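In: turn this into a model:
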Amino acid sequence: MFAYLSSKTRKLKRRFWLATDFIQKRQVRINYQPVPGRKSAKAERLVEYCLGDFSHQPVPTCSGQRRYLRQRLVLLLETSGNVATTSANRARNNRDTKKIVSALISQRAKIPSNLRAWLIRGDGAGAHSDPAQGVHLTGMRSTSRRDLVLAPTGCRNRLLGPALKQQMAELKQLWVPWDKKSNTAWWGGALTGDCWNNSSSAVLTRRNFLEYFTQQPSEKVSCHLTELPMKARPVPGLKLQASFSKQSAFRHKCLLLLPGNDIASGSSWYFCGNSVVLMPEPTLEHILHFEMEAWEHYIPLDPDPADVLVKLQWVIENPIKAQKIVANSHERLRWLCGDEYLWACNEVLRRIAESQTEQSPENSGQQVD
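Out: Purely as a prediction, here's the structure:
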């Protein structure tokens, strides 16, 4: 009886919560000097890549419906003058919402004074977003969700722009000369990625990799598991280890970049090293993946974990070609630090803001509650 009443009370509280505007707002004052950047053909291609479906059509106006905000893992970003406001559902978005705006500022991008957009939070970005609600900014998207717009956001340490430039300079001090690297492949991180069903048949997962080399250990492959997330099944025979240093990773000729719940958190620093990156061909899109080609910037991995040894042997036998792949990856990272990238970032935000000016909620027939 009491359990029934308790359950009923919880349902009533939830209904009240959904019907009440439990929206938390945070303001960030924008007092910095943006960089306009430099237009180029490649920068224009990046704009088209980021805008997806809207590269050749108007960006849909963000409705700003608070009801939608209460029921989704999204934030509403609105700017006015030199102040940006992020509105979030207090219960579901309890992280520091300033990180989103701070990430845009760290890129030295110009945040338009009339920008309004949904900002997606959480892994699997865009899975539950509604295109009818207007534009959604996200750090990554599935290739099937071209209605999402890629933008530099505060998604962990996948750095872009000036922040990436600083990371490259810092990590260069930790490089290990090629002739002093061991003829081994290394992976380190948390056992994430179990949230995706049936992904093992399409791409090499962290679990498949760890289970294979735990059952069939090789002196040429080093596994450094640092964390077992909640609800993740442990790998029999594999123990957790302390955190690692990036310099210890750079002692290996190959670094394994395996997807977790989305693209690997270490995506930017892996490519900042001077080891060859081995990774499955990406199934998610991110600005870091813009015009990234297999065998030019990284070596692709088949779903079979044994392919790691095959690709490692190729690197050992082809040192000149392997180091050329590393040099190519550094060249594209430097481009993502430069003026052309910043122009593209500014142009994406400008195009969104321009749509807000052309399509007001009154003109488009949308209702803002």
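
In: the protein: strands as residue ranges?
Out: Under the criterion DSSP state E, strands of the chain are mapped to 23-29, 74-80, 83-89, 116-120, 136-138, 140-142, 148-150, 182-190, 221-227, 252-256, 276-279, 284-286, 299-300.

In: pipe those into TSV and attach distance to residue 322, mean neighbour count and mean pLDDT per row.
Out: Placement of C-beta: from N, CA and C, glycine included. Formatted as TSV, these follow (distance: least, Cβ to Cβ, whole Å; neighbours: other Cβ atoms under 10 Å; pLDDT from 0 to 100):
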stretch	distance to residue 322	mean neighbour count	mean pLDDT
strand 23-29	44	14	83
strand 74-80	42	22	87
strand 83-89	44	20	85
strand 116-120	37	25	88
strand 136-138	34	24	89
strand 140-142	28	21	87
strand 148-150	30	25	92
strand 182-190	11	18	95
strand 221-227	17	17	92
strand 252-256	7	25	97
strand 276-279	5	24	97
strand 284-286	24	20	89
strand 299-300	8	18	98
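
In: low pLDDT regions in the stretch 101-250 of the chain?
Out: Low-confidence segments of the stretch 101-250 of the chain (pLDDT under 70): 122-124, 153-157, 195-201.

In: re earlier: let's have the strands of the chain in JSON lines, adding distance to residue 238.
Out: Output for the strands of the chain, formatted as JSON lines (distance: least, Cβ to Cβ, whole Å):
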{"stretch": "strand 23-29", "distance to residue 238": "41"}
{"stretch": "strand 74-80", "distance to residue 238": "37"}
{"stretch": "strand 83-89", "distance to residue 238": "38"}
{"stretch": "strand 116-120", "distance to residue 238": "33"}
{"stretch": "strand 136-138", "distance to residue 238": "33"}
{"stretch": "strand 140-142", "distance to residue 238": "28"}
{"stretch": "strand 148-150", "distance to residue 238": "35"}
{"stretch": "strand 182-190", "distance to residue 238": "12"}
{"stretch": "strand 221-227", "distance to residue 238": "6"}
{"stretch": "strand 252-256", "distance to residue 238": "15"}
{"stretch": "strand 276-279", "distance to residue 238": "20"}
{"stretch": "strand 284-286", "distance to residue 238": "26"}
{"stretch": "strand 299-300", "distance to residue 238": "25"}
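
In: for residue 343, which of those is the nearest?
Out: strand 148-150 (15.3 Å; Cβ to Cβ).

In: tell me the helices and strands packed up against the closest one.
Out: helix 41-51, strand 136-138, strand 140-142, helix 339-358 (3 or more Cβ pairs under 8 Å, 6 or more residues apart in numbering; DSSP states H and E).

In: what sits against residue 54?
Out: Residue 54 sits next to 60, 135, 147, 149, 351 when contact means Cβ atoms under 8 Å, 6 or more residues apart in numbering.

In: ignore what I typed, I meant residue 279.
Out: Contacts of residue 279 (Cβ under 8 Å, 6+ apart): 256-258, 264, 298-301.

In: beta partners for it?
Out: Note on residue 279: beta-bridge partners by DSSP bridges are residue 300.

In: hang on, the earlier thing: residue 174: which of the contacts of residue 279 is nearest?
Out: residue 257 (17.3 Å).

In: quick one on the thing from earlier: which of the helices and strands packed on strand 148-150 has the highest mean neighbour count?
Out: Mean neighbour count (mean count of other Cβ atoms under 10 Å) peaks for strand 136-138 among those, with a mean of 24.

In: who does that one touch, helix- and strand-wise?
Out: Under the contact rule (3+ Cβ pairs under 8 Å, 6+ apart), strand 136-138 is packed against strand 116-120, strand 148-150.

In: so who does residue 314 touch?
Out: 299, 322.

In: can you list contacts of stretch 329-339?
Out: With Cβ under 8 Å, 6+ apart, stretch 329-339 has contacts from 35, 37-38, 42, 160-162, 164-165, 168, 268, 271-272, 277, 287-288, 290-292, 297-298, 341.
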